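# Curious how this folds, go ahead:
(one chain, ligands or ions: 1)
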Amino acid sequence: MSSNGTLIVISAPSGSGKTSLARRLLDRVPDLEFSVSHTTRRPREGEEDGVQYFFVSVARFEEMIQAGAFLEHARVHGNYYGTSAEFVRRRLQAGKDVLLDIDVQGARQVTAVRGDLLSIFILPPSAQVLEQRLRERAQDTPEVIERRLAVARREASHFRDYQYLIINEELEKSVAELQSIVLAARCRTPDRSERAAAILATFER
Ligand code: 5GP
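Numbers count the residues shown, from 1 in each chain. Below you'll find the model as predicted:
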């Protein structure tokens, strides 16, 4: 692995199964860490501060924007979400790959400043499947679900802006595809140039 890790961005309309996929990917791939975002949305049941998100007030979030603390930030479903630049930088410097689960607006901002990132979009098999998943999840009120569906429709059309596309019909197959993308990226020649130089040096007597 190179001395600096890779930023990996995944985006998907909510209900695409992105969270389950990300969790499995993190379990299976070593040296890959989840970027814990800041948000002003309320914690859902079972969510813990510092694990899924850092839950902060709007005032605190706006202070962080002013201080330039975010690599990217956006308003999604009426709440603020943002990626801490420091959180990501520390892990990349330690040689870890960092997984950002962010929306299309955030992905656009990160792409503008980090041309070397890996970007992956996840689509559900159909809008009907997505709607059914959102209702079954029963985490949100009907109005919130309606709002999420409207956003999902808009978000799905952005798949072309990403380097890779996963169509999440079957969880196991999708995880295998994700894993392949991340592992293949680690074999890129520029990322291995330091190790290659060391190997070539062993040929010289
Ligand atoms: P949820 O509230 O369901 O956890 O997330 C809602 C949406 O916000 C998801 O599409 C998720 O990818 C996105 N999101 C989560 N963290 C961030 C972030 O730090 N920045 C941006 N731009 N979007 C985020």
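
# Mind telling me what element A74 is part of?
strand 70-76 (DSSP states H and E).

# hmm, that strand in reach of the ligand?
Yes. Using Cβ under 6 Å from any ligand atom, strand 70-76 reaches the ligand at E72, A74, V76. Any C-beta I mention is one placed from the backbone N, CA and C, and that applies to glycine too.

# Contact partners for the residue of the chain found nearest the ligand?
Among the residues of the chain, G106 lies nearest to the ligand; the distance is 2.4 Å by Cβ to the nearest ligand atom. By Cβ atoms under 8 Å, 6 or more residues apart in numbering, the contact set of G106 is V9, S11, E72, H73, A74, Y81, G82, T83, L100.

# same thing but at 6 Å, please
E72, A74 (Cβ atoms under 6 Å, 6 or more residues apart in numbering).

# do you know how far it is from S20?
Applying Cβ to Cβ, to the nearest Å, the value for G106 to S20 is 20 Å.

# Ranking helices and strands of the protein by mean pLDDT, which lands last?
helix 127-137 (a mean of 85; mean pLDDT, DSSP states H and E).

# next SSE after it?
Taking DSSP H and E, what comes next after helix 127-137 is helix 142-156.

# What's the first helix or strand after that following helix?
Immediately after helix 142-156, counting by DSSP H and E, sits strand 164-167.

# quick one on the thing from earlier: could I have the CA atoms of the strand holding A74 written out in PDB?
Extracted in PDB, the C-alpha atoms of strand 70-76 (Å, rounded to 0.1, in the frame of the first residue of the first chain):
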ATOM      1  CA  PHE A  70     -15.000  20.800   6.100                       C
ATOM      2  CA  LEU A  71     -13.600  19.000   3.100                       C
ATOM      3  CA  GLU A  72     -17.200  19.300   1.800                       C
ATOM      4  CA  HIS A  73     -20.600  20.000   3.200                       C
ATOM      5  CA  ALA A  74     -24.100  20.100   1.900                       C
ATOM      6  CA  ARG A  75     -27.800  20.400   3.000                       C
ATOM      7  CA  VAL A  76     -29.500  17.100   2.500                       C
END
